[in-house]
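In: sequence and predicted structure are below.
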Amino acid sequence: MQLKKNSSDQKLRGGYYTPEVLADFIVKNIEINKEINILEPSCGDGIFINSIKKIIPKEKIKSLTAIEIVEEEANKVKNRFKDEKFHILNEDFLNFYRNNRNKRFDLIIGNPPYIRYQYLSKEQRELQSEILKNNGIKPNKLINSWVCFLVACIELLDDKGTIGFVIPAELLQVAYAEELRKHLSNNLAEIILITFKELVFPDIEQEVIVLIGKKDKSIPVNGAKIAVVEFNNFDDMQNKETFDNIEYQLIEHTEEKWTKYFLESNENELIRKIRKDDRFQTFNDIAIINVGITTGNNRYFSVNKETVKRYDLEEVVLPLIGRSSHARGVYFTYEDWQKNINKNERAYLIHFPDDIAFQDYPELHKKYIIDGENRGENKGYKCKIRDRWYIVPSVWVPDAFFLRRNNKFPKFVLNTISAVSTDTMHRVKFYDGIDKEKALLSYYNSITFAFTEINGRSYGGGVLELMPGEVGRIILPKIENIDKQTSKELINIIDDYIRNNKNIDELLDITDKAILHDRLGISEEITMQFRTIWKKLMNRRHNRSRKKKNL
């Protein structure tokens, strides 16, 4: 994490300015049929004001209030736009909100600052917390300033008003925006999300979207609708003149990810049906999913055979599956572990006992700890807060592992040798009575793969990441009645395909037929629809990663 003292002024104020072409496009797509009051809560260099002045007829503007916290920038904007209808204020928008909560605006437009919680002043944190609480959203330290700006502006919007904001694509998928998604769906009658396959802001490596939302109190909440429009880049965007022919879907008033709206309405309807189908269950129904062991310093606590030998650590190490490459198939076996050892991988986890005093440790164990302290291995936060920094907490042996990040699909791997894992993997503990191998078998099919994409989020480089709660919501077919022999034969086929990197579509053809078609009676048409959903969402991740590399 970058320290505040090392951050640029631009980064601290979250000031990444909007390209003119994007500001013009947003303003052009705001429907204006009366004289309006406009608010720009963070005007920066005045790019949106410039677009408004160019595009909206002067007689349609009753007033424009623009706010900028940086005095130098505010003065520049005042000098550029000398108009009696334009009021440029040099103040913090959060203070403006507190003093003007009863005002309403017909159009609120802009690019709010992207400031992390730790970079806000104490007063700003208090104001942000106040705004979120006023609107029924629970504050926390993960919430970025743009969330607060968006929530406040929705409140300041007139009952028939429109908002147009440039915001991070985090809105679509991250956990801390769950309440925000539900808040927007409950307060806006119509939402258009404009997304880009390429990174369109040259100064930041963050995907952005444009949210255009309309309030309309005459439309019931269950009539609110949403649409996603995806462009390659700004050139592609400029070829689209209006949004007249886009497909809307009824918005679901939940905290679920909005990446599902990249799918067709019939695909989302199919997803809803399978979620309610009693032939399926979730991971949460069969197991507890926890993060892997948080060592606080993987390089110190994960060691290779040479370190084990040098410090005589054999009695205080456990078999470790530390990286995705360590899991070759759908079983983590003794042979797999030995291959990792022989390749000099960090295949052991040090687990010093906590029921023995340090002075009673063997001399070489004490030497390893002291050597670590001399190198500063104990200075990290997670180690520093422990009573004994060198004792890793919450070490237990899971039944299975689920990879946290992946390229195509996360591997789900049974643990056959009492191994442990770091937090690169999630730990799975099955409930009593759950057949582990049938649980494993139930994962490898097109429907479940689609739900891994639906529940996960895109991480850097186009990687799919799933946290424990997201894994828990993955849908699995119920196959308790499948016989042991058939189950074993299918798992051996799956293991062979995964270990040898064979064609995944060929594998899914086999497992879909055996599990979904023959056992559950799911039609081939539905199965292929889910495989299309999986690939559509996966390819979107990969395409964005490739576009980024080509910039």
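Out: Yep, it's here. Residues are numbered from 1 along each chain as shown.
In: what packs against the biggest strand by length in the chain?
Out: Longest strand in the chain, counting residues (DSSP state E): strand 157-168. On a contact count with 3 or more C-beta pairs under 8 Å, 6 or more residues apart in numbering; DSSP states H and E, strand 157-168 meets helix 20-28, strand 105-110, helix 145-156, strand 208-214. Using the backbone N, CA and C atoms, a C-beta is placed for each residue, glycine as well.
In: mind redoing it with 10 Å?
Out: Secondary-structure packing of strand 157-168 (3 or more C-beta pairs under 10 Å, 6 or more residues apart in numbering; DSSP states H and E): helix 20-28, strand 36-40, strand 105-110, helix 145-156, helix 178-187, strand 190-196, strand 208-214.
In: for this protein, which spans come out with low pLDDT?
Out: Within the chain, the segments meeting pLDDT under 70 span 1-16, 202-206, 241-242, 460-461, 544-551.
In: domains of it?
Out: Annotated domains of the chain cover 4-262, 265-286+433-551 [automatic domain parsing].
In: pipe those into JSON lines and attach mean neighbour count and distance to N340 per row.
Out: Output for the domains of the chain, formatted as JSON lines (neighbours: other C-beta atoms under 10 Å; distance: least, C-beta to C-beta, whole Å):
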{"stretch": "domain 4-262", "mean neighbour count": "17", "distance to N340": "32"}
{"stretch": "domain 265-286+433-551", "mean neighbour count": "17", "distance to N340": "14"}
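In: packing partners for the helix ranked longest in the chain?
Out: If you go by DSSP state H, the chain has its longest helix at helix 524-550. Applying 3+ C-beta pairs under 10 Å, 6+ apart, we find helix 524-550 packed against strand 190-196, helix 265-276, helix 446-455, strand 457-459, strand 463-465, helix 504-511.
In: could you redo the last one with a cut-off of 7 Å?
Out: Judged by 3 or more C-beta pairs under 7 Å, 6 or more residues apart in numbering; DSSP states H and E, the packing partners of helix 524-550 are helix 265-276, helix 446-455.
In: out of those helices, which is closest to N297?
Out: helix 446-455 (30.0 Å; C-beta to C-beta).
In: list the strands paired with the longest strand of the chain, with their directions.
Out: strand 105-110 (parallel), strand 208-214 (antiparallel) (DSSP bridges).
In: can you check which of those strands gets nearest to S324?
Out: Evaluated over those, closeness to S324 peaks at strand 208-214, with 29.4 Å, by C-beta to C-beta.
In: residues contacting that closest one, please?
Out: Applying C-beta atoms under 7 Å, 6 or more residues apart in numbering, the contact partners of strand 208-214 are 26, 29, 162-169, 171, 184, 188-195, 200-201.
In: what of stretch 531-546?
Out: Residues contacting stretch 531-546 (C-beta under 7 Å, 6+ apart): 197, 207, 259, 262-263, 267, 408, 446, 449-450, 453, 458, 461-462, 464, 508.
In: widest-spaced pair of these?
Out: E207 and L508 (28.9 Å).
In: any idea how far V392 is from I154?
Out: 45 Å (C-beta to C-beta, to the nearest Å).
In: same question for L364.
Out: Look at L364 and I154: by C-beta to C-beta, they are 62 Å apart.
In: same deal with K122?
Out: Counting by C-beta to C-beta, the gap from K122 to I154 is 25 Å.
In: ditto for T162
Out: Going from T162 to I154 by C-beta to C-beta gives 11 Å.
In: which strand or helix spans L64?
Out: Per DSSP states H and E: L64 is located in strand 61-67.
In: ugh, typo on my part, it should be G376
Out: Following DSSP H and E, there is no helix or strand that holds G376.
In: ok, E314 - contacts?
Out: Listed by C-beta under 7 Å, 6+ apart, the contact set of E314 reads V308.
In: ok now do the closest residue to V317 other than its chain neighbours, which residues does it touch?
Out: Nearest non-adjacent residue to V317, counting by C-beta to C-beta, 6 or more residues apart in numbering: Y348, 4.0 Å away. Going by C-beta under 7 Å, 6+ apart, Y348 touches V303, V308, V317, L318, L320.
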